[in-house]
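**Student:** what's the 3D shape of this:
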Amino acid sequence: MSDLRYLLEVWGADTRTVLHSVMNDEAFYLKMLREFAENSKIDLLNHALEKENYKEAFALAHEIKGSAITLGLKPLYTSVSRVVEDLRGVPMPVVYDDIEAVNLEFESFIEIMRSYMI
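**Tutor:** Numbering: from 1, shown residues only. Next up is the predicted model:
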């Protein structure tokens, strides 16, 4: 787990705070990270935006934002927070640029997880 923690921290994640909140149970934290990686709703968010279903996109982005901060995934949290704000009220056209940042950060997270799992 220390290799994974290192990679996540280099990326910008706050693993120390999350581990402290789960009483340093690294196995539990790893399980939460795996579940998020496998069951993320990023694809659903992208699909909702493609269909211009902004209400659904807002709900999905807000859920992803909560999961990201709970797991200490600050780069993803920061990028998805912009999407949440873009969709609050009247959707802002910049949401389509901001979702690309979310996709890039999520892909970075997935690559880190893959490199650890191999």
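**Student:** Over to stretch 81-92 now: how far is its first residue from its last?
**Tutor:** End-to-end distance for stretch 81-92, by Cα to Cα, to the nearest Å: 13 Å.
**Student:** mean confidence score for it?
**Tutor:** Mean pLDDT, computed over stretch 81-92, is 94.
**Student:** and what of stretch 4-12?
**Tutor:** In this model, stretch 4-12 carries a mean pLDDT of 97.
**Student:** Do you know the pLDDT at M1?
**Tutor:** 74.
**Student:** That one against N24, yeah?
**Tutor:** No - using Cβ atoms under 8 Å, M1 makes no contact with N24, being 10.4 Å away. Any C-beta I mention is one placed from the backbone N, CA and C, and that applies to glycine too.
**Student:** So for these two, which sits in the more crowded spot?
**Tutor:** The neighbour comparison of M1 against N24 (other Cβ atoms under 10 Å) goes to M1, with 13 against 10.
**Student:** so what's the more buried one closest to, chain neighbours aside?
**Tutor:** Leaving aside its chain neighbours, M1 sits nearest to E26 (4.4 Å; criterion: Cβ to Cβ, 6 or more residues apart in numbering).
**Student:** What's the local residue count around the one you found?
**Tutor:** Counted with other Cβ under 10 Å, E26 comes out at 14.
**Student:** quick one, phi psi at it?
**Tutor:** phi -60, psi -40 (degrees, to the nearest 10).
**Student:** Could you measure from it over to Y77?
**Tutor:** Separation of E26 from Y77 (Cβ to Cβ, to the nearest Å): 21 Å.
**Student:** What are the phi and psi values at S40?
**Tutor:** When quoted as degrees, to the nearest 10, the phi and psi of S40 stand at phi -60, psi 150.
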